[in-house]
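S.K.: Kindly return the folded structure for what I paste below:
(one chain, ligands or ions: 1)
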Amino acid sequence: MLSAIESQEDVSDLLLIFVDIWSAEAIYDIFSLLQNATCLLVKNDVTKKVSGYAFYKQDLRSGFTEIVDMGVVSYFRGRGYGKELVREICDRSDTGVRLYVQEDNVIARRMYEVLGFAVTVTVPNYYIVGLDGLRMEWRRP
Ligand SMILES: CC(C)(COP(=O)(O)OP(=O)(O)OC[C@H]1O[C@@H](n2cnc3c(N)ncnc32)[C@H](O)[C@@H]1OP(=O)(O)O)[C@@H](O)C(=O)NCCC(=O)NCCS
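M.R.: So this is what the prediction gives:
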């Protein structure tokens, strides 16, 4: 079940899964994301709890919708939630969707490829020195 942030409980759930997915230190990143991007949540149909999220925004220069961050809580992975989030953002985009992914993030890369994304640029040391970023793009047919 996809939704926007609808309540304070959604925000609390989001903070909890964000720490599970990334780390306690990463929690500071979410406040900037909440201010600067649109948040899409996926909730478990039974518990109605937030199980994954994606932040996206329109890049005015390129015309692409950019997924700036996304993740699914570890115990709900492999159920299609990641694909559901990305598909919905593609559906909402008039032109296309782009994102950056760590070159060594095999699972995320596979997910984007399955959904029709292709690598367009490799950006050396995009994340930290020695860790490249891949720009992946999906274009509306
Ligand atoms: C990447 C991530 C969002 C995928 O979420 P998910 O809900 O588990 O993904 P789905 O169940 O929708 O699976 C999507 C695809 O990912 C791939 N995938 C999922 N789990 C996988 C695994 N254990 N091994 C290899 N590929 C896997 C598959 O291609 C799958 O598609 P398929 O089932 O049609 O083969 C999740 O693993 C995650 O949150 N990772 C940590 C955060 C992250 O890397 N975010 C992306 C930043 S760019």
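S.K.: Point out the other helices and strands that the lengthiest helix in the chain packs with.
M.R.: If you go by DSSP state H, the chain has its longest helix at helix 8-21. On a contact count with 3 or more CB pairs under 8 Å, 6 or more residues apart in numbering; DSSP states H and E, helix 8-21 meets helix 27-36, strand 38-43, strand 50-58, strand 65-72. C-beta: built from backbone N, CA, C; applies to glycine.
S.K.: So which residues make contact with it?
M.R.: Identification of contacts with helix 8-21 by CB atoms under 8 Å, 6 or more residues apart in numbering yields 3, 5, 26-27, 30, 39, 41, 49-53, 71-74.
S.K.: and it with strand 65-72, angle?
M.R.: Between helix 8-21 and strand 65-72, the angle comes out at 80 degrees (axes from the mean of the first three to the mean of the last three CA atoms, to 10 degrees).
S.K.: Could you list the contact residues of this structure toward the ligand?
M.R.: Neighbours of the ligand within the chain, by CB under 6 Å from any ligand atom: 21, 70-72, 77-83, 99, 101, 105, 107-108, 110-111, 114.
S.K.: For ChimeraX, write a command that selects the buried ones of these.
M.R.: Typed into ChimeraX, the next command selects the buried ones out of the residues of the chain next to the ligand (criterion: 16 or more other CB atoms under 10 Å):
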select :21,70,71,72,81,82,99,101,108,111
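S.K.: Show only the entries of the residues of the chain next to the ligand found in helices.
M.R.: Per DSSP H, the subset of the residues of the chain next to the ligand in helices is 21, 81-83, 107-108, 110-111, 114.
S.K.: hang on, the earlier thing: which two of the contacts of helix 8-21 have the greatest separation?
M.R.: Greatest spatial distance among the contacts of helix 8-21 (CB to CB): 3 and 26, at 22.8 Å.
S.K.: just checking, what's the longest strand in this structure?
M.R.: strand 118-128 (DSSP state E).
S.K.: Output that one as PDB - backbone C-alpha positions only.
M.R.: Only the C-alpha atoms of strand 118-128 are listed here, as PDB (Å, rounded to 0.1, in the frame of the first residue of the first chain):
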ATOM      1  CA  ALA A 118      20.200   1.700 -17.500                       C
ATOM      2  CA  VAL A 119      23.600   3.100 -16.400                       C
ATOM      3  CA  THR A 120      24.400   6.300 -18.300                       C
ATOM      4  CA  VAL A 121      27.400   7.700 -16.400                       C
ATOM      5  CA  THR A 122      30.000   6.500 -14.000                       C
ATOM      6  CA  VAL A 123      31.100   9.200 -11.600                       C
ATOM      7  CA  PRO A 124      34.400   8.400 -10.000                       C
ATOM      8  CA  ASN A 125      34.600   8.900  -6.200                       C
ATOM      9  CA  TYR A 126      31.000  10.000  -6.100                       C
ATOM     10  CA  TYR A 127      30.400   8.800  -2.600                       C
ATOM     11  CA  ILE A 128      33.900   8.800  -1.000                       C
END
